[in-house]
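Trainee: Need coordinates for the following:
(chains A and B)
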Number of protein chains: 2
Amino acid sequence: MARIVMKFGGTSVADLDRIRAVATRVKRQVENGDEVAVVVSAMSGVTNQLVGYCQALSPLHDAREYDAVVATGEQVTSGLLAIALQTAGVDARSWSGWQIPLRTDGAHGKARIEHIEGETLIARMQAGQVPIVAGFQGIGPDNRLTTLGRGGSDTSAVALAAALKADRCDIYTDVDGIYTTDPRIVPRARRLEKIAYEEMLELASVGAKVLQTRSVELAMKERVRVQVLSSFDDGPAPYENETGALLPGTLVVDEDEIVEQEIVAGIAYSRDDAKVTVRKVPDRPGVAASVFGPLAEANVNVDMIVQSTGADGTTDMTFTVGKTDLARAIQVLEGAHGVIQYGELLTDPDVAKISVVGVGMRSHAGVANTMFRTLSDRSINIQVISTSEIKVSVLIAVEYTELAVRALHSAYGLDVG
Amino acid sequence: MARIVMKFGGTSVADLDRIRAVATRVKRQVENGDEVAVVVSAMSGVTNQLVGYCQALSPLHDAREYDAVVATGEQVTSGLLAIALQTAGVDARSWSGWQIPLRTDGAHGKARIEHIEGETLIARMQAGQVPIVAGFQGIGPDNRLTTLGRGGSDTSAVALAAALKADRCDIYTDVDGIYTTDPRIVPRARRLEKIAYEEMLELASVGAKVLQTRSVELAMKERVRVQVLSSFDDGPAPYENETGALLPGTLVVDEDEIVEQEIVAGIAYSRDDAKVTVRKVPDRPGVAASVFGPLAEANVNVDMIVQSTGADGTTDMTFTVGKTDLARAIQVLEGAHGVIQYGELLTDPDVAKISVVGVGMRSHAGVANTMFRTLSDRSINIQVISTSEIKVSVLIAVEYTELAVRALHSAYGLDVG
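Mentor: Predicted coordinates:
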């Protein structure tokens, strides 16, 4: 017997047939002897429609009213799933965020969870009832509805799992787990049985968006074991096999739980960045601040940064910004030309960031070198390099994306079979 | 300056353009110097869709979950109208039933309002803010959402007007007032400037369904002055003219307020009834109970009842039931044949009930006689008669409906011009 929070996303509850299928799956978990709570998203398309209404009435709408409107999507799904479960003979009841209560701060539209009152729900679960919680929402200090930002239902589920002291949080989605890389690029990509929180965070932030980043951060902080599963797979009930047999999804856990640690967990890529080079900047103290200060003030996030010094007393600064921020970055830097006194401003939106991620890097040397050699062997030029404790990222020309990902996937021994 | 509750039904908020038009109308009322609160229904079609979801999952769904699902429709409209009003420069905020709170009993799906906490809303109105209240819903003793039954937003509006001590409750709908009869049958039907609560109740219950019956009962009990107006009429802001000039809608008020009292306010008709005759019942004490007891137990509502006694020691009982109840009524009476010992059971679904309504009848004789003579002059046979203090109803063959309504409308001097 375990206590499990099951979370179903929008495509998993897209229509009444899918909601019935979810009820069947929840029933199977209950019949397995587990104590179960469920978190649901809005039926797919509903949130977009409601957001569209608010936007159409005013692009600068009151975030408190936006929350009151948009939070209804999950309220509908929670009630419908409760009816479907009752019809299937399972005791269930819906809970809105304000009823639990799930308390958040007052940042309407992107609120953060502060406290979930878990006692009532735990008592209901122990009495055999399944709480169906409307995801993505809570109640703020002003007694009004708040929402957690897009994808917030994952965060709701993880926070609920922590508050209910659940053994596991199962996130049902439209993929069947986390892969070593994008299977559309590398058909021999392998589903990971387990992945460490830190690895998941690095993979998510560079493009493998299966789980909302905040939900993984929260899982890591609260030590909630998260399982990513497909809701479109009608196989046997997911279970966790302590002997290491293949799991039906991917378990996101503390790295201590991963016995057979691979050095590299996966290869991620992103085509969402643009490269900016500020050339021939006088090389004096404070020059970095003169470049990045104005960008920060304009809310432009800067990622990979490289500085190289020339022989003539000037320096070149190269960095990446989000593609959607590029126009703003150019505007800011041109406006600051008098202060920075650079010689030339070069930009290139046709770049890709390729990252090798793995907690095993901490104890194994040579991971970065394997990456550089592999790319060199394919004549792929590395434009920028950045590293963290568990990640090496390089910037390359965008047309080499697939070639680079495939080559690295093989080089680190991640291919299936 | 007056304090006014404005209520907008589903067709009045059917899409974003209509919601913007409602915002314009509310703004005009605010600019008139009035304190305004608004009650809204769900966008038209939304409630039906949500009800359909619940029905499809289970015809015997949990009414508490039905309420959680269906109450979202009004929540969406209230938030959207708040955004539209803010965009138009009017301070506004949405209120769900649980936030006010609007407390109801625990009869989920058909709850009755018990108490509305008005102080907070009054303070907001006095400070210049327009509360936008989600109609049709409240919070029950179990801290769960309740709904008031179909059309319940009218009742929400009247109850709110009472709680806020409003001078008037304006119900915006898709007709521009209450008419002396159905204008589709009598083109010369006249819009009533004023109508008494009791008359409105009789007209509503026999087919002129502009306002939900419960809302009129509540208005009468709480002495709330209700104005019925068209939301599709873009004329000047509605106002109440104390000199008796033509109002833009119909005011539903206490009969004392109606100075120039007509004897008859209107002619109503209904084709929703069926006639049942139980023939040759042994004429002994308790025979009525033996017929109507089993019907009541089966939840069949019986309306007009006539008993005539023959010479042979038997009696005939004729009455009407709702057409949708006819099959059940037949089943019940056939099942009770051994107890009632009637000779024959006759039914006729092809009947219409025509009613003449007016509080003036109390002090004027001859109203019923005018009705009988008018119908007789057109050779229309009266099958059943029933009367109340302010109403005379007759049952006739359905094919004479239009002829009878037109003839009576003329006979009582109700025609325009």
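Trainee: what's the spacing between the residue lying closest to A:S156 once chain neighbours are set aside and A:I100?
Mentor: Closest residue to A:S156 apart from its sequence neighbours, by C-beta to C-beta, 6 or more residues apart in numbering or on different chains: A:G135 at 4.1 Å. C-beta here means a position set from N, CA and C on the backbone, and glycine is covered the same way. Relative to A:I100, A:G135 is positioned 12 Å away (criterion: C-beta to C-beta, to the nearest Å).
Trainee: ok, now A:G358?
Mentor: 38 Å.
Trainee: Which of the two has more residues huddled nearby?
Mentor: Under the neighbour definition other C-beta atoms under 10 Å in any protein chain shown, A:G358 and A:I100 were set side by side, and A:G358 has more, 25 against 21.
Trainee: Surely A:R378 and A:L403 touch.
Mentor: Yes. A:R378 is within contact range of A:L403, at 5.9 Å (criterion: C-beta atoms under 8 Å).
Trainee: Are there residues contacting both of the two? Which ones?
Mentor: Counting by C-beta atoms under 8 Å, 6 or more residues apart in numbering or on different chains, A:R378 and A:L403 have no common neighbour.
Trainee: shaky segments in chain A?
Mentor: A:205-209, A:233-247 (pLDDT under 70).
Trainee: I would like the residues contacting the helix or strand where A:V356 lies, please.
Mentor: Here A:V356, judged by DSSP states H and E, is contained in strand A:351-357. By C-beta under 8 Å, 6+ apart, the surrounding residues in contact with strand A:351-357 are A:199, A:202-203, A:206, A:264-271, A:273-275, A:303-304, A:320, A:367-368, A:371, A:383, A:390-398, A:400-401, A:404-405, A:408, A:412.
Trainee: Identify each buried residue in that strand, please.
Mentor: Within strand A:351-357, the residues that qualify as buried by neighbour count (16 or more other C-beta atoms under 10 Å in any protein chain shown) are A:351-357.
Trainee: quick one: which of these is nearest to chain B?
Mentor: Within the set of the buried residues of strand A:351-357, A:K353 lies nearest chain B; the separation is 38.6 Å, counting by C-beta to the nearest C-beta.
Trainee: From A:V321, how far out is the closest one?
Mentor: Summarising the geometry, the distance separating A:K353 from A:V321, computed by C-beta to C-beta, is 12 Å.
Trainee: residues in contact with A:V90?
Mentor: With contact set as C-beta under 8 Å, 6+ apart, A:V90 has these partners: A:23, A:26-27, A:30, A:130.
Trainee: Quick one: classify it as helix, strand or coil.
Mentor: Following DSSP: H, G, I helix; E, B strand; the rest coil, the label given to A:V90 is coil.
Trainee: Next up, identify which helix or strand the residue nearest to it when sequence neighbours are not counted is on.
Mentor: Spatial nearest neighbour of A:V90, excluding adjacent residues (C-beta to C-beta, 6+ apart): A:K27 at 5.1 Å. For A:K27, the enclosing helix or strand under DSSP H and E is helix A:16-31.
Trainee: What's the first helix or strand after that helix?
Mentor: Immediately after helix A:16-31, counting by DSSP H and E, sits strand A:35-40.
Trainee: ok so, going back, going through the contacts of strand A:351-357, which ones are buried?
Mentor: Using 16+ other C-beta under 10 Å as the burial test, the contacts of strand A:351-357 include A:199, A:202-203, A:206, A:264-270, A:273-275, A:303-304, A:320, A:367, A:371, A:383, A:390-396, A:400-401, A:404-405, A:408, A:412 as buried.
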